[in-house]
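*Asks:* here is my input; please provide its structure:
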Amino acid sequence: MVKTIKSIKEISADSLEPGSLSYYTIEGQFVQLGPTRCENIGCSLVTSVPRLQGPAGKFLPGIRRWIKEGDLSLNDDRDCEQLNVFLHIIEDHPAFYFFDEDFNGQSREFVESSLCLDLSAEPYQTPSEVSYKAVKIDSYSDVLPYREYAPDWCIILSEEAYNEHTRYGKDSFYFLERSDMVNIPRLPGSALPKDDYGLSLIAVCVSPTKEILSITSRWNYGDDQDCFLSPLELEEIIGEKIFKNILH
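*Replies:* Numbers count the residues shown, from 1 in each chain. Next comes the predicted model:
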């Protein structure tokens, strides 16, 4: 049976039969959901995946196709959280404009790979003790060893971008590297961009007068601003000694 509704918000767990296919038309658009254990989805897809209420809602046709083709299941809260974080990442990434509402017909694996995401990885267990070191970046060649650890940083992808961000050598970068940086999978956490991945490699741009110009996590596009941390937050994370050293 096909049910007609005005909004996806009207799709609730109670309206779906476990293990069955459910069909809806939303403002003339055909939607198929399932099979899925709907009792674990929550009140609705929009409630469980809030990013669907924003710009990322344009990808609903592609998400619908992934569900139909078995690329995506929403069987528990972790599945919904992963999808929500994925939509958060793509919203702030140039890929948002590259992909159409059906992800250009591509598979979930292809799209996640193009974003260098690893949503299938197990949640990272943070060691009981971690430490930071500050690495002074004197030239573009100094950032290249970090390419595999921060694939989205424009200052690594482009020498011209690096030069623009440093005002052609007037300003300086410090990379703040956490001791477990190389072991952390590119798996978004609920605190994105202030999760383990984001906090394990931080770029701080400092002016000649020792003013902090920007604080960026290696998520880059997920930061939404030049400083994803305040100077006080940064000092609390890396420690007073390192914080003072980069401003010395």
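*Asks:* quick one: residues in contact with the helix or strand that contains C80.
*Replies:* Per DSSP states H and E: C80 is located in helix 77-91. Contact partners of helix 77-91, identified using CB atoms under 8 Å, 6 or more residues apart in numbering, comprise 40-42, 48-52, 54-56, 59, 63, 72-74, 96, 99, 111-112, 115, 117, 119, 188-190, 192, 219, 221-222. (C-beta placed from N, C-alpha, C; glycine too.)
*Asks:* out of the residues you listed, which are inside strands?
*Replies:* In strands, defined here by DSSP state E, there are no members of the contacts of helix 77-91.
*Asks:* just those residues: which are in helices?
*Replies:* The helices, defined by DSSP state H, take in S48, I63, F96, V111, E112 from the contacts of helix 77-91.
*Asks:* nearest to E159 among these?
*Replies:* Nearest to E159 among those, counting by CB to CB, is F96 at 25.4 Å.
*Asks:* is the closest one in contact with P55, as I believe?
*Replies:* Yes. Using CB atoms under 8 Å, F96 is in contact with P55, at 7.3 Å.
*Asks:* okay, those two: which has more neighbours?
*Replies:* Neighbour count, other CB atoms under 10 Å: between F96 and P55, F96 has more, with 16 against 13.
*Asks:* quick one: the residue nearest in space to the middle of the chain from V130, how far?
*Replies:* Closest to where the C-alpha atoms of the chain average out (CA atoms, centre = their mean) is I89, at 3.4 Å. Remark: distance between I89 and V130 (CB to CB, to the nearest Å) = 24 Å.
*Asks:* strands of this protein, start to end?
*Replies:* Using DSSP E, strands in the chain cover 2-5, 22-26, 29-33, 132-137, 172-178, 201-206, 212-217.
*Asks:* any quick PyMOL command for the buried ones out of the contacts of helix 77-91?
*Replies:* Restricted to buried positions by 16 or more other CB atoms under 10 Å, the PyMOL selection for those reads:
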select buried, resi 40+41+42+48+49+51+52+56+59+63+72+74+96+99+111+112+115+117+119+188+189+192+219+221+222
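*Asks:* domain parsing for this structure?
*Replies:* With automatic domain parsing as the criterion, the domains of the chain are listed as 2-114, 132-246.
*Asks:* any chance of JSON lines for the ones you listed, columns distance to P123 and mean pLDDT?
*Replies:* Listed next are the domains of the chain as JSON lines, based on distance: least, CB to CB, whole Å; pLDDT from 0 to 100:
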{"stretch": "domain 2-114", "distance to P123": "9", "mean pLDDT": "69"}
{"stretch": "domain 132-246", "distance to P123": "7", "mean pLDDT": "91"}
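*Asks:* Q125 is nearest to which of those?
*Replies:* domain 132-246 (9.2 Å).
*Asks:* how long is the closest one from one end to the other?
*Replies:* Counting by CA to CA, to the nearest Å, you get 12 Å between the two ends of domain 132-246.
*Asks:* now do stretch 132-151
*Replies:* 21 Å.
*Asks:* and that stretch, how far out from the chain middle?
*Replies:* 21 Å (CA atoms, centre = their mean, to the nearest Å).
*Asks:* before we move on, what about stretch 107-126?
*Replies:* 10 Å.
*Asks:* rebuild the domains of the chain as JSON lines, extending it with distance to T126.
*Replies:* Shown next, in JSON lines, are the domains of the chain (distance: least, CB to CB, whole Å):
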{"stretch": "domain 2-114", "distance to T126": "18"}
{"stretch": "domain 132-246", "distance to T126": "6"}
